[in-house]
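K.L.:
Predicted model and sequence follow; I will ask about them next.
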Amino acid sequence: MNPLKVLCLHLSRMGWHTLIALFLLLCCSALQAKEVNPSVLPLAGENAADKPSLSGEEREFLQRKGRMTMCVDPDWLPLEKIEGGVHVGIAAEYMALMEKYLGIPIELVATTTWTQSMKLAKARQCDIFSLVMPTPERLEYMAFTKPYLHFPLVLATRDREPFVANITLLTDKRLGVVRGYAFGELLRSKYPQLQIVDVDSVVDGLDQVEHGEIYGFIGNLATVGYELQKSYPELKIAGKFDETWELGVGVRNDEPLLFSSFEKAVASITERQGQDILGRWISVKYEEAMDLASIWQALVFIGLLLVFLLYRQRMLQRHNRVLLELTRTDALTGVGSRHYLDQELMRLLDHYQRYGERFSIMVIDLDYFKEVNDRFGHPTGDRVLIEFVGQVRQHLRKTDIFGRWGGEEFLIICPNTGLQQVEVLAERIRQAISAHTFEETGRQTVSIGLAVCEDDGITPARLVALADKALYAAKAAGRNRVAGGPTEAVA
């Protein structure tokens, strides 16, 4: 790509402070007539003491095997691609580290499509799949290591479309997913009301969005963001799902020693090594050094468009605020997301440790909610959760933090609140839900577990675990009740 085009593309995403600094930098560069070259971080050094060791049985198995065959997605940058018969991308660098750890060669099985790769994996014509996530069907012929890459699942639309706070309500829109990808199967099962259609590839899906053939394309943030930045200036990321694309190595399930060896290979890769790999593929790359003429052209371009870019920056800031809100909000109910609750627990715990200001939490679970989904269907269950949230909000204080912990389980954080106060609030909520008649399902009840932060050694996970323990006690005692108390001592 022409370096001037690369520069212009990224100028539109910069703030005015950055633009001024860049303007001065380019002026200095023009006077000194120096070339600009990218820098690349080296891989972190290995620390053998921290790595899991292969057992004697595993080493003997690998020596007998001699080599491994590998299937990949042939067109999925920046994650991976087959380019000139060579495996490249983020996954390729991870696999190189695993190959070194295992001590035997990994040979690429060349394919042209994802579907072809999956067919070969199913037929066990390749021993491993470099980057894949489990589905019920794939578990019949593959075992899956712990994920080594995690990316949010996002929705790309045309730039003129509004941001989507609740993707599950887009029941009248056609949404594309690459044919054969795991999330196509999982999303169809979880959201049967959505119109999910197959596309041939990420590029095919984004092309259809750009031409108005489908409303949006669903994919992971890394791949979608890479393609938008490279080729689709008229598209944007307009929303996110609660689900995360978690990808590990798929291993044929008829060779358990091969699987256990790859579990250790994945665990052997350090966090620093992973960060270095991601930095090389997701950060901005300049393919060529800029010559003096290109620098002067860029200076003229900056001068002409500076006012427009300042306006553009304000618009981007507004859009970024909307995206930030999406990460803080549960898509279905509109209350805080799990990520947001984790942040607030850490903040209040830090405040407690500094100033001694205790706080309480309550975990609320709708009793027999599975029966609601089984009897009335998941769409009705979703509407019950929304109605439940509306009822709870009527009894919360302005300082209380309310969010969805997962499924039908909700968490309320009550700052500057002791046991007596939180018991009163929890009982008020329990009685209100018990007395309320839900529009589609009639009466519902809730069980509530309480925990109070009164111990300097407590952690967020421990505090929630105590509230969960109290919740189970409330359920064991007959449901529709409140249970719990202060934290126990931490050794």
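P.N.:
Sure, I can see it.

K.L.:
Tell me where the stretch 101-250 of the chain has strands.
P.N.:
Using DSSP state E, counting those that start in this stretch, the strands of the stretch 101-250 of the chain run over 106-108, 128-132, 142-144, 149-158, 174-178, 195-199, 216-220, 235-252.

K.L.:
Which positions in the first one come out as buried?
P.N.:
Right, the one you point to is strand 106-108. Of all the residues in strand 106-108, those buried under the rule 16 or more other CB atoms under 10 Å are 106, 108. From N, CA and C alone the C-beta is placed, and that goes for glycine too.

K.L.:
The fourth one now?
P.N.:
If you call a residue buried by 16+ other CB under 10 Å, then strand 149-158 has these buried ones: 149, 151, 152, 153, 154, 155, 156, 157, 158.

K.L.:
for the stretch 201-350 of the chain, which spans come out with low pLDDT?
P.N.:
283-301, 303-305, 307-309, 311-312, 317-326 (pLDDT under 70).

K.L.:
likewise the stretch 351-491 of the chain?
P.N.:
The stretch 351-491 of the chain contains residues with pLDDT under 70 at 485-491.

K.L.:
and with 50 instead?
P.N.:
For the stretch 351-491 of the chain, applying pLDDT under 50 flags the ranges 487-491.

K.L.:
got a list of contacts for whichever strand or helix holds residue 429?
P.N.:
According to DSSP states H and E, residue 429 maps onto helix 419-435. With contacts defined as CB atoms under 8 Å, 6 or more residues apart in numbering, helix 419-435 is touched by 360, 362, 364, 388, 391-392, 394-397, 400, 412, 414, 417, 443-446, 448, 450, 452, 480-482, 485-486.

K.L.:
switch the cut-off to 6 Å
P.N.:
360, 362, 391-392, 395, 414, 445-446, 448, 450, 452, 482, 485 (CB atoms under 6 Å, 6 or more residues apart in numbering).

K.L.:
Give me the residue at the spatial middle of this protein.
P.N.:
For the chain, the residue nearest the mean C-alpha position is residue 152 (2.5 Å; CA atoms, centre = their mean).

K.L.:
my guess is that one meets residue 240, correct?
P.N.:
Yes. Between residue 152 and residue 240 there is a contact at 5.4 Å, judged by CB atoms under 6 Å.

K.L.:
quick one on the thing from earlier: what subset of the contacts of helix 419-435 is buried?
P.N.:
360, 362, 391, 392, 395, 414, 446, 448, 450, 452, 482, 485.

K.L.:
related to what we said a few turns ago, in strands, which of the contacts of helix 419-435 fall?
P.N.:
In strands, defined here by DSSP state E, the members of the contacts of helix 419-435 are 360, 362, 414, 446, 448, 450, 452, 482, 485.

K.L.:
Could you tell me how many residues sit around the closest residue to residue 217 other than its chain neighbours?
P.N.:
Distance criterion CB to CB, 6 or more residues apart in numbering; nearest residue to residue 217, sequence neighbours excluded, is residue 205 at 3.9 Å. Neighbourhood size, residue 205 [other CB atoms under 10 Å]: 27.

K.L.:
do the same with residue 350
P.N.:
Number of residues near residue 350 (other CB under 10 Å) recorded here: 10.

K.L.:
Against which helices or strands is the host helix or strand of it packed?
P.N.:
Assigned by DSSP H and E, residue 350 belongs to helix 338-355. On a contact count with 3 or more CB pairs under 6 Å, 6 or more residues apart in numbering; DSSP states H and E, helix 338-355 meets strand 401-406.

K.L.:
Just the buried positions in the strand it packs on, please.
P.N.:
401, 402, 403, 404, 405.

K.L.:
Check stretch 155-171 too.
P.N.:
Of all the residues in stretch 155-171, those buried under the rule 16+ other CB under 10 Å are 155, 156, 157, 158, 161, 164, 166, 167, 168, 170.

K.L.:
One more: stretch 248-263?
P.N.:
Buried, per 16+ other CB under 10 Å, within stretch 248-263: 248-253, 255, 257-263.

K.L.:
In those, find the pair that's most separated.
P.N.:
Maximum pairwise distance among the buried residues of stretch 248-263 (CB to CB): 17.5 Å, between 248 and 257.

K.L.:
any idea how far residue 414 lies from residue 335?
P.N.:
15 Å (CB to CB, to the nearest Å).

K.L.:
repeat for residue 275
P.N.:
According to CB to CB, residue 275 and residue 335 sit 33 Å apart.

K.L.:
So which of these two has more stuff around it?
P.N.:
Using other CB under 10 Å as the criterion, residue 275 and residue 335 rank with residue 335 on top: 22 against 12.

K.L.:
doesn't residue 403 make contact with the more buried one?
P.N.:
Yes. Residue 335 is in contact with residue 403 according to CB under 6 Å; the separation is 5.1 Å.

K.L.:
one step back: from the buried residues of strand 401-406, which single one is nearest residue 327?
P.N.:
Relative to residue 327, the closest of the buried residues of strand 401-406 is residue 403; by CB to CB it sits at 12.3 Å.
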